[in-house]
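Peer 1: Everything below, folded, please.
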Amino acid sequence: MQQPKRLWTSQQLDYIGTCYRATADLSAIAARLLLDYGIQRTPGQIRAAINRNGLTSGRDTTFRPGARPWNAGLKGRNGTSNTTFKPGNCPPNRQPLGHLRTNRDGYQEIKVAEPNPYTGHATRYRALHVLRWEQAHGRSVPPGHCVIFIDGDPAHCDPDNLCLVERAELLRINHNGHADLPKELRPQAITLARVQTAISRAARPRNHAAEPDHVPG
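Peer 2: Numbering: from 1, shown residues only. Now for the predicted structure:
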């Protein structure tokens, strides 16, 4: 089996060790290698050779007890500066309440004065169509339900275009290809999905546990 070609000779490693004891600047060591040996190596390759071959600089970098660090008494990591964020400053990318944005799925979101349950912040973004439905009906979306667009257009957040459906109904709506139908047929596709879900639920054997009531949209 052919032996892999060595990147360094023992003479070159000795030379690197000598240079490393004189300076920790790996770029300078690379320049001296090119000048004295005519070989071009990156500082990363030199660092790898030092670590792989156990070369040491001989310099004692231990932080001794009682020594005063250079940043003692300074505020922050490196002291104050002109770029330090001052208390009370408002970052330039902060948006006001009511700001609208579009998320990666194409749904509009609005900034509202509600605590964020994940970060604890005083404001959060909520789906605009869900908020519009809740405002129109005076209640929150019940568990196990979601709000969809009757015409399938996520930019059309008028309450007349919003419909509350069960998750089971949403599954059938998507399975029936609601998004691929002409807009004038999409309301009928939602009605069909609701009928199919009701028939499927009625055909299942009844158990003793009470089934949740259907919440009309």
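
Peer 1: from what I can see Ser106 touches Gly152, true?
Peer 2: Slight slip there: residue 106 is Gly, not Ser. No - applying C-beta atoms under 8 Å as the test, Gly106 and Gly152 come out as separate, 11.0 Å apart. (C-beta placed from N, C-alpha, C; glycine too.)

Peer 1: and those two? which has more neighbours close in?
Peer 2: Gly152 (16 against 9; other C-beta atoms under 10 Å).

Peer 1: what is the mean pLDDT for the helix or strand that contains Arg172?
Peer 2: Assessed by DSSP states H and E, Arg172 sits inside helix 167-175. Mean pLDDT, computed over helix 167-175, is 93.

Peer 1: tell me what it is packed against?
Peer 2: strand 145-149, helix 186-203 (3 or more C-beta pairs under 8 Å, 6 or more residues apart in numbering; DSSP states H and E).

Peer 1: Which one of these lies nearest to Gly44?
Peer 2: strand 145-149 (52.3 Å; C-beta to C-beta).

Peer 1: Partner strands of the closest one and their direction?
Peer 2: strand 162-166 (antiparallel) (DSSP bridges).

Peer 1: relative to helix 186-203, how tilted is the strand it pairs with?
Peer 2: 20 degrees (axes from the mean of the first three to the mean of the last three C-alpha atoms, to 10 degrees).

Peer 1: returning to what we had before: need the winner for burial among the helices and strands packed on helix 167-175.
Peer 2: strand 145-149 (a mean of 19; mean count of other C-beta atoms under 10 Å).

Peer 1: Ignoring the adjacent residues along the chain, who's closest to Lys183?
Peer 2: Asp151 (4.9 Å; C-beta to C-beta, 6 or more residues apart in numbering).
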